[in-house]
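Visitor: what would the 3D arrangement of this be:
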Amino acid sequence: MTLTQVLCRSPSLLKSLTATSLGRILKSPICYWNNYLREVSVHGGKFFSTKIVLGIETSCDDTGAAVVDETGSILGEALHSQTDVHLKTGGIIPAVAQQLHQENIARVVQHAVSASGVSMDDISAIATTVMPGLALSLGIGLKYSLGLVKKHQKPFIPIHHMEAHALTARLTNFVAFPFLVLLLSGGHCILAVAQGVSDFLLLGQTKDIAPGDMLDKVARRLSLHKHPECSGMNGGRAIEILAQQGNILQYKFRIPMQRYRDCTFSFAGLQSEIVRTISKEEEAEGLQEGQHLSCLSDLAAAVLYTMTVHIAERTHRAIFFCREKGIIPPGKEILVVSGGVASNQYIRRTLQLVADATNFTLVCPPPKLCTDNGVMIAWNGIEKLSAGSGIFYNVEDFRYEPKAPLGTDISEQVKEAFIKVPALNLAI
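Guide: Residues are numbered from 1 along each chain as shown. This next block holds a predicted model:
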């Protein structure tokens, strides 16, 4: 992040600097500025103080916490992953996830705060995921957070998990509103326009399962957790690794919903077709379920290719819709891609083709910030704190929401626009 970006994001910071101190900073290397900024934000300086938020994430199977300040500096973070446990049980069992959150949340939060070098007195607010997600998991994070809020008398900022994913790009890159955002994860597949910190237009979402869920189920059907090249990996990562060695043309699966000119996604039918093909190949090779097919890499490549083309085609239409309706100003057209599945490099390269063909700028947070983490929750808290919205001082009877829509749904308008998009060569 440049100094200009830091100051633009922090008008209160700029206002509080004297001409002398600002002049000294402007003449200094950016590394000096970053060190200087952290020192005064952590220890207190005579020129200014900065907003600092503790973020807590327990929406699914990762327990995350982080301390972030208004300049985007990650002062401290910690994460406990449950992946190994859920791989052994064949998927996420909500009661097991709840128990693991309960066992680890205090340690994770304490580690993040300790690593940040700040005390709870220095923290401006506590932000926590309260929607959407697994009810049992959300409950652990909310209960622990409200305990901290009451103990330390801090404001509370409830966070929408998908909004946090969408705005992570504003932590890592200077992304101005409005922008198009594609959210890909184990539980969601969403196309939306981010118009403000809590202002979203929903263009389309999956009508059944999400891409990450489909990849996990296909990987379990192929017993990839027992494959020597995929040990310890989640399903999506295992398929991505195997696909690198495969031929996307060896198997041809139908790309979902090509007759529908909207931005709705569907992966359930594709999953069923893939599973039928796996069973057919196992029968042809004389294998029992659980044994590995000789064509694993080709299957993985075809699965990933077909899923990615479906995602890319809907994103392509969303870009044309935004242009037709003037939703995103010309010259500032950005496509943000985030969520756990957005870590997939094949998907990123394909979406780069779409962005290049439409003169959009593709922005993806680094992979570690695409998966669930406390940093994105803390940063969303900073965004809300800076905007002065969504901040609660009375938290009695506060509830979590396992199912929560994102923004204002205008998907019917996309359908009614009936936009035909030009074909793109996405075979990479």
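Visitor: list the buried residues for stretch 171-188?
Guide: With burial defined by 16 or more other Cβ atoms under 10 Å, the residues of stretch 171-188 counted as buried are 171-173, 175, 178-188. Backbone N, C-alpha and C define where each C-beta goes, glycine included.
Visitor: show me how far that stretch is from its chain's centre.
Guide: The chain centre lies 7 Å from the centre of stretch 171-188; the measure is Cα atoms, centre = their mean, to the nearest Å.
Visitor: any idea of the mean pLDDT in that stretch?
Guide: Taken as a whole, stretch 171-188 carries a mean pLDDT of 95.
Visitor: out of the buried residues of stretch 171-188, which sit inside strands?
Guide: In strands, defined here by DSSP state E, the members of these are 179-184.
Visitor: residues in contact with the residue lying closest to residue 419 once chain neighbours are set aside?
Guide: Among residues not flanking residue 419 along the chain, residue 320 sits closest, at 5.0 Å (Cβ to Cβ, 6 or more residues apart in numbering). Counting by Cβ atoms under 8 Å, 6 or more residues apart in numbering, residue 320 touches 358, 419, 421.
Visitor: quick one: which of the residues you listed is nearest to residue 112?
Guide: Nearest to residue 112, judged by Cβ to Cβ, of the contacts of residue 320 is residue 358 at 39.2 Å.
Visitor: ramachandran coordinates for that closest one?
Guide: Backbone torsions of residue 358, given as degrees, to the nearest 10, read phi -110, psi 10.
Visitor: please report phi then psi for the residue lying closest to it once chain neighbours are set aside.
Guide: Of all residues not flanking residue 358 in the chain, residue 319 sits nearest, at 4.9 Å (Cβ to Cβ, 6+ apart). In terms of degrees, to the nearest 10, the main-chain angles of residue 319 are phi -60, psi -50.
Visitor: ok, now which ones touch residue 319?
Guide: 180, 333, 335, 354, 358, 360 are the contacts of residue 319 under Cβ under 8 Å, 6+ apart.
Visitor: and the pLDDT at residue 85?
Guide: 86.
Visitor: what strand or helix carries it?
Guide: Assigned by DSSP states H and E, residue 85 belongs to helix 83-89.
Visitor: how far is that helix from where the chain is centred?
Guide: On Cα atoms, centre = their mean, the centre of helix 83-89 falls 21 Å from the chain's centre.
Visitor: tell me what that helix is packed against?
Guide: helix 94-116 (3 or more Cβ pairs under 8 Å, 6 or more residues apart in numbering; DSSP states H and E).
Visitor: hmm, residue 90 is touching residue 220, no?
Guide: Yes. In terms of Cβ atoms under 8 Å, residue 90 counts as a neighbour of residue 220; the distance is 6.0 Å.
Visitor: can you pick out the residue with more neighbours from those two?
Guide: residue 220 (15 against 11; other Cβ atoms under 10 Å).
Visitor: quick one: the more buried one and residue 235 touch, right?
Guide: Yes. Between residue 220 and residue 235 a contact is recorded at 6.5 Å, counting by Cβ under 8 Å.
Visitor: so, low pLDDT: which residues of this structure?
Guide: Applying pLDDT under 70 to the chain picks out residues 1-49.
Visitor: redo that, cut-off 80
Guide: 1-49, 87, 89-90, 289-290, 427-428 (pLDDT under 80).
Visitor: now do the contacts for the residue nearest to the spatial centre of the chain.
Guide: Among the residues of the chain, the one closest to the centroid is residue 339, at 2.7 Å (Cα atoms, centre = their mean). By Cβ under 8 Å, 6+ apart, residue 339 lies in contact with 162, 165, 183-185, 188, 212, 370.
Visitor: export the contacts of residue 319 as CSV, with columns for distance to residue 385.
Guide: Listed next are the contacts of residue 319 as CSV, based on distance: Cβ to Cβ, whole Å:
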residue, distance to residue 385
180, 25
333, 28
335, 27
354, 34
358, 34
360, 30
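Visitor: just curious, which of those residues is nearest to residue 193?
Guide: Closest approach to residue 193 among those (Cβ to Cβ): residue 180, at 5.8 Å.
Visitor: residue 222 contacts residue 297, correct?
Guide: No. Look at residue 222 against residue 297 with Cβ under 8 Å: they stay out of range, at 10.9 Å.
Visitor: of those two, who's got more company?
Guide: residue 222 (27 against 19).
Visitor: any idea how many residues pack against residue 272?
Guide: 10.
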